[in-house]
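**Student:** Below are the sequence and a predicted model; questions follow.
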Amino acid sequence: MMVSITAVRDNNGAIPRLYGSDLVAVFVGGTSGIGESTARAFIRNTTASRAYLIGRDQARASRIIEELRQIKPDSQAEFIKSDVSLLREVDEVCMDIKKKEDRLNLFFLSPGTGSMKGPDGMKARK
Ligand SMILES: NC(=O)c1ccc[n+]([C@@H]2O[C@H](COP(=O)([O-])OP(=O)(O)OC[C@H]3O[C@@H](n4cnc5c(N)ncnc54)[C@H](OP(=O)(O)O)[C@@H]3O)[C@@H](O)[C@H]2O)c1
């Protein structure tokens, strides 16, 4: 049975009471689809939080980050450009975040499935 939207909103609304403020989240695939929507819900339902959006599309990321700033000016969103089909880039993005944060509260992975068809094969089907 699918969870009702009311239950989801009630749960999201309880995040500050349950987990406090200053939460840190990483969205690998935060520039589109389910990752983007979850990043938006995270910023909307938290206080003074930080969100890192990982993906390849700088233009989309800039638009989303601007929107997130308007939703919650006291929170921060940052884009880290990375192609996670390359382990070297995964290592780099991990080191980058590790330098800035001593913990993660949410790690959201939605870049689609791996493929042997090269970079285009990594894109989720539309
Ligand atoms: N949407 C849903 O309701 C839903 C429900 C259940 C399951 N899923 C599954 O969740 C996954 C994502 O679906 P979606 O609808 O969110 O897809 P989407 O809109 O295509 O988003 C995919 C995200 O992953 C990023 N991405 C893809 N390949 C990447 C790579 N090599 N390096 C870095 N980032 C990469 C894309 O960023 P860039 O373009 O910036 O690289 C984009 O932000 C799929 O496997 C889908 O089957 C989705």
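**Tutor:** Perfect, I can see it now. Numbering: from 1, shown residues only.
**Student:** For the rest of this, base every contact and every neighbour count on C-alpha atoms.
**Tutor:** Fine.
**Student:** Run the chain-centre distance for stretch 36-50.
**Tutor:** 9 Å (C-alpha atoms, centre = their mean, to the nearest Å).
**Student:** Give me the helix or strand of this protein that scores worst on average pLDDT.
**Tutor:** helix 119-122 (a mean of 58; mean pLDDT, DSSP states H and E).
**Student:** Show me the beta-bridge partners of the residue nearest the centre of the chain.
**Tutor:** Nearest residue to the geometric centre of the chain (C-alpha atoms, centre = their mean): Phe27, 2.3 Å. Beta bridges link Phe27 to Leu53, Phe108, judged by DSSP bridges.
**Student:** for it, what are its contacts?
**Tutor:** Gly35, Glu36, Ala39, Ala51, Tyr52, Leu53, Ile54, Phe107, Phe108, Leu109, Ser110 (C-alpha atoms under 8 Å, 6 or more residues apart in numbering).
**Student:** ok, so of these, who is nearest the ligand?
**Tutor:** Ser110 (4.5 Å; C-alpha to the nearest ligand atom).
**Student:** tell me, how many neighbours does the closest one end up with?
**Tutor:** 17 (other C-alpha atoms under 10 Å).
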